[in-house]
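J.: got a structure for you, letters missing:
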């Protein structure tokens, strides 16, 4: 009886938020568009879609954070574990993971498959400029497949087709932003300009739709596959896996941020839902129901979008004072900030000079709208002349193997293969830092990695010793095993020792390896690893 009541309730919920069948869905893919790229670039056309619809700034892609697995997932309603697209270069004959199901040509079912099977008279199209994209979907299910050399040519061909032929579903893909991210770095001025250039092409499409009385009746979804760090992507950072997701059209809430979790593989499921189609049995995604006006879930979406402030400097380690300024892509918005990590309440009016280690937290405010925070973690360190390592790291994980790499401000992430990590197998870490002259030292932080599943452990003890001649050292501070732990359960752990203004020319930092994996560990008795990426002297 309980099961029957549950099923009836579920059907009532589904029917209560059932959307009228969409006349048309256009999917706009922007390869490499990060959440920062959306907020820091000037994007009037994407902003129009957001104002006319809904936006998630925290949609999650899939791992690995590269193109093929993500574009495959978005249009196939499932992750790499199901469809088997785990790498760029995937084809029906070049793969390592077997798909859970395939058609007669070796393809996992995509949204094109579902539309073809359940709407056989429909018109579908794909316009794209990355040649390998079409390898992910069975072309037999797509009426128009049009490859172009460059994003401008993509839109030049797509716009007249959309206006004249009025396809039921069109996927328009541009690789420009990702290309510039690789050539000029994500977060560079060139990167943000590339976002603006793609936005301009989207503007041409929106104008054409509006001029032909098609804009209001068309559902438009904007998606991205990944963000980036430096010149690349493929890692495990939030900057890579978290992307924007936009939807607008009849029955969609307007000018709202989506609060519910959004996985990008929900995109295909949401398109199927818009057309009133059943999603494929092997899909694991679900429609993003919170964007539909008739859905009870949509009531939780009460916040509107406002771009966050852009800081003139990034979080990092600095030997000199810095000046930080903020701008925001909304002339009517006010910027507020704080310098202690608290809720921003000071009105920003001029650049802020940062002298000492501090956390700058800034938000944009406009009426009842408030952006997400921009955080700049400014760490002021003592200038260092030289660093010498008394124990060499393993040849497997040497970082750049020179002592100065320990004080260069380059930090590792949760991936132990990151080039900033030095690994010591069964050995202690011991380094001597020379300031070149007497310096006042307030505290020293040692950054370590804890991944016990990979046999990487925090040290048993950390000790700081000082010397004025570099020969005779005296212990001034230490922490034992019970005091060394992550306060927020992160894998990267900053171990802080307070020195309260001690003056010294040389310091020695010792971190004692636990030696062997402890009893009960899968590697019990094997050599334990100690990983260090940075010594921060303030």
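T.: Right, received. Where do you want to start? Everything quoted here is computed from the prediction, not taken from an experiment. Residues are numbered from 1 along each chain as shown.

J.: Could you pull up the residues touching residue 198?
T.: 30, 33, 151, 174, 176, 177 (C-beta atoms under 8 Å, 6 or more residues apart in numbering). Heads up, the C-betas are built off the backbone N, CA and C, glycines and all.

J.: Looking at those residues, which is nearest residue 456?
T.: The shortest approach to residue 456 among these belongs to residue 33, at 33.9 Å (C-beta to C-beta).

J.: Tell me who's in contact with the closest one.
T.: Neighbouring residues of residue 33 by C-beta under 8 Å, 6+ apart: 177, 195, 198, 224, 227, 243, 244.

J.: how about the closest residue to the fifth one other than its chain neighbours, what does it touch?
T.: Pointing back at residue 227 there. Closest residue in space to residue 227, ignoring its immediate chain neighbours: residue 34 at 3.1 Å, by C-beta to C-beta, 6 or more residues apart in numbering. Counting by C-beta under 8 Å, 6+ apart, residue 34 touches 186, 187, 224, 226, 227, 228, 239, 242, 243, 244.

J.: and residue 34, backbone torsions?
T.: For residue 34, the backbone dihedrals (degrees, to the nearest 10) come out as phi -90, psi 170.

J.: wait, residue 252 sits on residue 290?
T.: No: with contact defined as C-beta atoms under 8 Å, residue 252 and residue 290 do not form a contacting pair (10.4 Å).

J.: Quick check: the gap between residue 137 and residue 116.
T.: Distance, residue 137 to residue 116, using C-beta to C-beta, to the nearest Å: 11 Å.

J.: no no, residue 497
T.: 64 Å.

J.: anything in contact with each of residue 252 and residue 290?
T.: With C-beta under 8 Å, 6+ apart as the test, residue 252 and residue 290 both reach residue 54.

J.: For residue 432, give the beta-bridge partners.
T.: residue 388, residue 508 (DSSP bridges).

J.: Would you check that it makes contact with residue 385?
T.: No: under the criterion of C-beta under 8 Å, residue 432 is not in contact with residue 385, lying 11.3 Å apart.

J.: neighbour-wise, which of those two wins?
T.: residue 432 (18 against 12; other C-beta atoms under 10 Å).

J.: who's in contact with that one?
T.: Residues counted as contacts of residue 432 (C-beta under 8 Å, 6+ apart) are 387, 388, 390, 470, 506, 507, 508.

J.: what's the domain layout of this protein?
T.: 23-300, 310-380, 386-537 (automatic domain parsing).

J.: is it true that residue 241 touches residue 64?
T.: No: with contacts counted by C-beta under 8 Å, residue 241 stays clear of residue 64, the gap being 9.5 Å.

J.: these two touch, right, residue 253 and residue 300?
T.: No: counting by C-beta under 8 Å, residue 253 stays clear of residue 300, with 10.5 Å between them.

J.: Between the two, which is the more surrounded one?
T.: Comparing residue 253 with residue 300 by other C-beta under 10 Å, the one with more neighbours is residue 253, at 20 against 13.

J.: got a list of what the more buried one touches?
T.: By C-beta under 8 Å, 6+ apart, residue 253 lies in contact with 53, 54, 291, 292, 293, 298, 301.

J.: Next one: it from residue 218, what distance?
T.: 17 Å.

J.: before we move on, the earlier item: okay, and which of the contacts of residue 33 map to strands?
T.: Among those, the members found in strands (DSSP state E) are 243, 244.

J.: Tell me which stretches of the stretch 201-350 of the chain form strands.
T.: 219-223, 242-248, 256-257, 310-311, 316-318, 322-324, 326-327, 334-338, 346-347 (DSSP state E, counting those that start in this stretch).

J.: swap in the stretch 351-500 of the chain?
T.: Using DSSP E, counting those that start in this stretch, strands in the stretch 351-500 of the chain cover 352-354, 358-366, 369-370, 374-380, 386-389, 422-425, 429-449, 461-467, 474-479, 492-512.
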